[in-house]
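Student: Build me a model from this:
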Amino acid sequence: MSNNTNIKLKIAHDGGNGFMKDQINKDRFIFPSVISPVLPGSEPSVTEVEDTDKVQKIMNDFLDHMDITVQSKGININGRYQIGRSASHSISPMTFNVNSNEGKADSDISIICLLSLASYYALNKYFKENSDIPSNLIVDIEKFITALPIDEIKLKGAKERFIERFTSNNHIVIINNFSKPVSITLSFKKGEVQPEGIIAENGLIAEPENSELSRNDGIFDELNKDYDLDIKGQDLLKMGNVLGIDIGEGTVDFSVTNSAAPVPTLNSSILLGIGNATENAINALHQDYPVIGKINRQAFIEIANRDNSKESQTYKHYLDSQLIILEQQITEQVKSIYRTLNSQVGLIFICGGGASVLKNHFEKRFSKIIDEVSPFDSAPIMWVDEKFAQNLNLDGLVFRLNWMK
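Tutor: Numbering: from 1, shown residues only. Coordinates of the predicted model:
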């Protein structure tokens, strides 16, 4: 076995309340923002390192098998955890508590999930190149960028405190899938935090991997068709005030930019998101159908979107009934922004993991609201297609990562 091999990475990390969205080097990953403590006696079985075929299967699908022990001063509660998909189906899954006042900067979930992903990515990279499972790896994250909700990033010291959890010390991760555990030491050399929502517009303007190219990969197709336009990414720089609404699990971020620069005092968050509506729907469903336990948010949404069966339709009904409160808060915030800007808005774009869920319930009424607050021509409304909506903050982070020195 090889020892202390050094692997260098560059990472853009969008730690969502519902899903982690990451790009490591040129590779992208999405998995549930879920961790689960592994208790004594419930440890998953291990694979012999000599069984190359089984090792290969685990490495090919490592997102399904993440099982780590973590030791880091940047984490509040160290220990052994299953991560992501495997944690979602465990006995004691832990997600971001969207109904609490704890911010992302203070939670362990985002950092534990990222450390796990980076460790498995590095191990998989080594295994592909050497057909061997090493005893130790050293991983240097040369550049790292992440994001926080707009209102959280405004809090004194929140941005600095969050990035220091990554950069101020080394992190030890033990990968537990194999008969001989793999010890991985990770260090973050340079880090940066950007505001969610605002960074998403960067992802609209240019190709994430090539800032010289105006984005034109189909993301504007529906907008151009609906409004008989021919917009490409860099046209946003000439559209005046652009209002972005980033709908997440636990927050909705409102950003106003002009020529990609934030407009002072008009960027804010509300501490309510699709996750809150989902939690309330889960509770209501459980009250009416006590035989159905209180499943986690990811499992609820998975069933609601699965098909047109009676079960899925019932789950959708309970979710739709809870979205009204969220829609009311979005409406009041947008009206306030319009008053401040004297209705001078050139484009509205709506993105985030919750955008597609809200669109089905809110699109027509939201369009009517914008007509009501617009004395002349209404701004075009771009509901970012589901194919792109969840990753738009990540696109912006990758764009920014490539500019970091």
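Student: What average pLDDT does the lengthiest strand in the chain get?
Tutor: Longest strand in the chain by number of residues (criterion: DSSP state E): strand 136-148. Average pLDDT, strand 136-148: 97.
Student: residues making contact with the very next helix or strand once past that strand?
Tutor: Per DSSP states H and E, the first helix or strand lying C-terminal to strand 136-148 is helix 150-154. With C-beta atoms under 8 Å, 6 or more residues apart in numbering as the test, helix 150-154 has contacts from 103-105, 158-159, 193, 195-198, 251, 253-255, 267-269, 271. Using the backbone N, CA and C atoms, a C-beta is placed for each residue, glycine as well.
Student: Just these: which are in strands?
Tutor: Using DSSP E, the subset of those located in strands is 193, 195, 253, 254, 255, 268, 269.
Student: distance of the nearest residue to the last one once chain neighbours are set aside from residue 79?
Tutor: Same thing as residue 269. Among residues not flanking residue 269 along the chain, residue 151 sits closest, at 3.8 Å (C-beta to C-beta, 6 or more residues apart in numbering). Taking C-beta to C-beta, to the nearest Å as the measure, residue 151 falls 31 Å from residue 79.
Student: just residue 116 next, same as before
Tutor: Note on residue 116: its distance to residue 79, by C-beta to C-beta, is 13 Å.
Student: Identify the residues contacting residue 256.
Tutor: Per C-beta under 8 Å, 6+ apart, neighbours of residue 256: 241, 242, 243, 244, 262, 263, 266, 267, 337, 341.
Student: Serialize the residues you listed to CSV and add fields for secondary structure, distance to residue 145 and neighbour count.
Tutor: Formatted as CSV, these follow (DSSP: H, G, I helix; E, B strand; the rest coil; distance: C-beta to C-beta, whole Å; neighbours: other C-beta atoms under 10 Å):
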residue, secondary structure, distance to residue 145, neighbour count
241, strand, 26, 21
242, strand, 22, 24
243, strand, 24, 25
244, strand, 18, 26
262, strand, 17, 16
263, coil, 23, 16
266, coil, 24, 17
267, coil, 18, 21
337, helix, 27, 23
341, coil, 29, 16
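Student: So which of those residues is the closest to residue 292?
Tutor: The closest of the contacts of residue 256 to residue 292 turns out to be residue 244 (C-beta to C-beta; 36.5 Å).
Student: could you pull out the strands for the stretch 101-250 of the chain?
Tutor: 136-148, 171-175, 182-188, 191-195, 206-207, 210-214, 241-247 (DSSP state E, counting those that start in this stretch).
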